[in-house]
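> one predicted model, sequence on top.
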Amino acid sequence: MTPRQNSNSLVTFLALGAALGCAGCSFMARDTPTYERDTSALLDTRQAQLRGCYDAALVRNPNLAGKLTVTFTVEKKTGEIIDLSWDNNRTTVDELLATCVMTALDGLQLAEPDRRDGEATFSYSFRVRPGA
Amino acid sequence: MLGLALSACGPRVFEAGSAKVIETGPPPPVAEAAPDPPRVEITDDKIVIHEKIQFDYNKAQIRPESDELLAEVAKVINETPRIKKLRVEGHASAEGDHDYNVELSQRRAKAVLDHLVKRGKVDPARLESEGYGPDRPIADNETEAGREANRRVEFTILEQAYKQTTRTIDPATGKERVETEDKLQASEDQP
């Protein structure tokens, strides 16, 4: 094989690799900050429900305040939030409130899926409005 | 190269730098439980009880669980002096022998009257009793629910005092004159 033939083979191989890559990722390609921002905005659509969870929790315990850290995966191709759970080690609110939040966030889906999964961690801080 | 292609699809891992704040006002004060609706009420012509007086099966013996209810009835009567005459009425379902049911309902009505006088300190002159058996049904005797509704005790106001106010204008002077007169209203159901 001549050097020219070697060069042609390399170009063909690279083109094939690129094609494979694109075939596997035919959706939106976000960078990490954009992925985080879009996911954050998606979570914000459930703010009212989360406030409802907190209001209900305050009826049980008027002094309840604290932190809840949730983890989940934004599934590539569908944009659905899956494997939603909360991190016990980084959560201080009670289990009933955490469960309510899980239910409130369930079913969220990015309108424009990404070509990659998004492994996300978000924290919520629950508190009673100061001075209220 | 294949590795490169696959690594292009690896997950993006991210964690928000700051927590989302869920803030709310203090919880509303827990509303006090609404008081139970009264079990005993006075209408124009009745003292209505929203609970049944319980008797031993086939007897005129009042069950102890009805003591409290009857104490309330006595209290209402004693606190309402305008009620001059009250009839305790016993009613039965159409189940069984008619005459027996009339007689049983009479004995039950009398038992209630005696209870109100003895325990509730109601003036006996204000009370009378009557048993109607199945003759005045309020529900369908073909169903158990209807028969149960028909087995009941009612309190009918036969006489009650009221004040009648009359306003007249003297044509000569044009002055208004108000006269108040004590009256006694008798129930149409009075025998």
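Cool, got the structure. Residues are numbered from 1 along each chain as shown, chains lettered A, B, ... in the order given.
> can you tell if the longest strand along chain A touches chain B?
Identified as the longest strand of chain A according to DSSP state E is strand A:118-128. Yes: with CB under 8 Å from any CB of the partner chain as the criterion, chain B is reached by strand A:118-128 at A:118-128. C-beta: built from backbone N, CA, C; applies to glycine.
> could you do stretch A:86-106 as well?
No: if you take CB under 8 Å from any CB as the test, stretch A:86-106 misses chain B, and the best it gets is 8.8 Å.
> in that stretch, what's buried?
A:86, A:91, A:93, A:97-98, A:100-102, A:104-105 (16 or more other CB atoms under 10 Å in any protein chain shown).
> quick check: end-to-end length of it?
Its first and final residues considered, stretch A:86-106 spans 13 Å by CA to CA, to the nearest Å.
> avg pLDDT for that stretch?
Mean pLDDT, stretch A:86-106: 93.
> same question for stretch B:178-191.
According to the model, stretch B:178-191 has a mean pLDDT of 76.
> just stretch B:84-93 next, same as before
Here the average pLDDT along stretch B:84-93 is 96.
> dump it to CSV, keeping only the CA atoms.
Written as CSV, here are the backbone C-alpha positions of stretch B:84-93 (Å, rounded to 0.1, in the frame of the first residue of the first chain):
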residue,chain,number,x,y,z
LYS,B,84,-97.0,25.2,76.5
LYS,B,85,-98.0,21.7,75.3
LEU,B,86,-96.0,19.1,73.6
ARG,B,87,-97.0,15.7,72.4
VAL,B,88,-94.6,12.7,72.4
GLU,B,89,-95.6,10.6,69.4
GLY,B,90,-94.6,7.0,68.9
HIS,B,91,-94.5,5.5,65.4
ALA,B,92,-93.8,2.1,64.0
SER,B,93,-93.2,0.4,60.7
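> ok, which stretches of the chain are strands?
With no chain named, the answer covers chain A. Counting by DSSP E, the strands of chain A are A:66-74, A:81-86, A:118-128.
> sorry, should have said chain B
Under DSSP E, chain B gives strands at B:12-15, B:20-24, B:40-42, B:46-49, B:83-91, B:127-131, B:152-169, B:176-186.
> pairing partners for the second one, with directions?
Strands adjacent to strand B:20-24 in the sheet, as given by DSSP bridges, are strand A:118-128 (parallel).
> ditto for the fifth one
Sheet pairing for strand B:83-91, assigned by DSSP bridges, gives strand B:127-131 (parallel), strand B:152-169 (antiparallel).
> show me which residues of the longest one are buried.
By 16+ other CB under 10 Å, the buried positions in strand B:152-169 come out as B:152-160.
> quick check, nearest of these to chain A?
Of all these, chain A sits closest to residue B:152, with 41.4 Å by CB to the nearest CB.
> ok, now which ones touch that closest one?
Residues counted as contacts of residue B:152 (CB atoms under 8 Å, 6 or more residues apart in numbering or on different chains) are B:52, B:91, B:138.
> just the buried members of the residues you listed?
residue B:91.
> where in chain B is pLDDT low?
Along chain B, segments meeting pLDDT under 70 span B:1-9, B:26-31, B:188-191.
> repeat that with 50
B:1-7 (pLDDT under 50).
> list the buried residues in the biggest helix by length in chain B.
Longest helix in chain B by number of residues (criterion: DSSP state H): helix B:98-118. Within helix B:98-118, the residues that count as buried by 16+ other CB under 10 Å are B:101-117.
> contacts with chain A among those residues, please.
Okay, of these, nothing touches chain A (CB under 8 Å from any CB).
> which one of the strands of chain A lies closest to residue B:15?
Taking CB to CB, strand A:118-128 is the member of the strands of chain A nearest to residue B:15, at 3.9 Å.
> list the buried residues of the closest one.
Under 16+ other CB under 10 Å, the buried positions of strand A:118-128 are A:118-120, A:122-126, A:128.
> now tabulate those in TSV and tack on distance to residue B:147 and pLDDT.
Putting those into TSV (distance: CB to CB, whole Å; pLDDT from 0 to 100) gives the following:
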residue	distance to residue B:147	pLDDT
A:118	68	95
A:119	68	96
A:120	65	96
A:122	63	96
A:123	64	95
A:124	59	95
A:125	63	94
A:126	57	94
A:128	57	88
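> coming back round to it: of the buried residues of stretch A:86-106, which belong to helices?
A:97-98, A:100-102, A:104-105.
> residue A:117 contacts residue A:78, correct?
No: the pair residue A:117 / residue A:78 is not scored as a contact, 10.3 Å apart, by CB atoms under 8 Å.
> mind checking which of those two has more residues around it?
Per other CB atoms under 10 Å in any protein chain shown, whichever of residue A:117 and residue A:78 has more neighbours is residue A:117, with 20 against 12.
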